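Below: sequence and its predicted model.
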Amino acid sequence: MMRTLLTTAVALTLVTVLAVPPAGAGAPTDQLKTQVDRVLKLMDDPALKDKPKDKRAAVRKVADDIFDFGETAKRSLGRHWADRTQAERDEFVKLFGDLLERSYISKIEVYGGEKIQYMSDRIEGDQASVLSKLVTKAGADVPIEYRMLKKGDRWLVYDVIIEGVSLVSNYRTQFNKIIQTSSFQELVKKMKSKQEELAAGTPS
């Protein structure tokens, strides 16, 4: 269930290199690039070379400064969010965030050599959109749009759109199907099972 485009998008976001913002880029683009640069430094830190657990923990910390996992979880659950109790929401957000982090962190070192170019950004109130394109090793361009929300003085990513496909919508479709054919409790059960697999190092 968790093997979706979001895993790829998040991993690519955290390991793309030579990410250069356009002239006159706004705060959303600048902040995104700054956080990605932090990850790149961690990946190249010789002190963490033989300490994979420490490296992953450090990357997870940076991820919290890039992504708004709570907002992504809420939007991914869609209309079912309103039916949940506060306790259910809290559990779902934590479980969802942990799963996403485990998913992409396990794939971080798979990527390398890609380049990302930030094209432009658009700000409307407390929402922003950062347009970019990923240039693969083969030279192909993959358009990626980051949807962001402003929380205080920070801009956090809540959705990633690859070639027109929204990753929040992708999750919403999966979650909605499980809830409609079974129940919210079954969805949580499946997510916990997946989390156990990732924690145990079982290939996803």
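Great, that's in hand. Residues are numbered from 1 along each chain as shown.

Can you give me the buried ones in the helix or strand where E197 lies?
Assigned by DSSP states H and E, E197 belongs to helix 184-199. By 16 or more other Cβ atoms under 10 Å, the buried positions in helix 184-199 come out as 184, 187-188, 190-191, 194-195, 198. The way it works is simple: take the backbone N, C-alpha and C, and place the C-beta from them, glycine included.

try stretch 93-103
Buried residues in stretch 93-103 (16+ other Cβ under 10 Å): 93, 95-103.

quick check, nearest of these to G164?
Proximity of those to G164 (Cβ to Cβ) peaks at L100, which lies at 21.2 Å.

My guess is that closest one contacts F69. True?
Yes: when contacts are counted by Cβ atoms under 8 Å, L100 is listed as touching F69 (6.5 Å).

May I have the beta-bridge partners of I116?
L134 (DSSP bridges).

Let's see the pLDDT reported for it.
The per-residue pLDDT reported for I116 equals 75.

what do you get for the one 4 residues further on?
Taken from the predicted model, the pLDDT recorded for S120 is 88.

ok, now M1?
The model's pLDDT for M1 equals 42.

Is Y118 in a helix, a strand, or coil?
Taking DSSP: H, G, I helix; E, B strand; the rest coil as the rule, one finds Y118 in the strand state.

burial of it, as a residue count?
21 (other Cβ atoms under 10 Å).

Is it in contact with D30, as I believe?
No: with contact defined as Cβ under 8 Å, Y118 does not reach D30; the gap is 9.4 Å.

Tell me who's in contact with the closest residue to D141 other than its chain neighbours.
Nearest in space to D141, with sequence neighbours left out and distances taken as Cβ to Cβ, 6 or more residues apart in numbering, is K133 at 4.8 Å. Residues near K133 by Cβ atoms under 8 Å, 6 or more residues apart in numbering: 116-117, 119, 141-144.

roughly how far apart are K133 and K192?
36 Å (Cβ to Cβ, to the nearest Å).

before we move on, the earlier item: I'd like to know which of the buried residues of stretch 93-103 are part of strands.
With strands taken from DSSP state E, there is no overlap with the buried residues of stretch 93-103.
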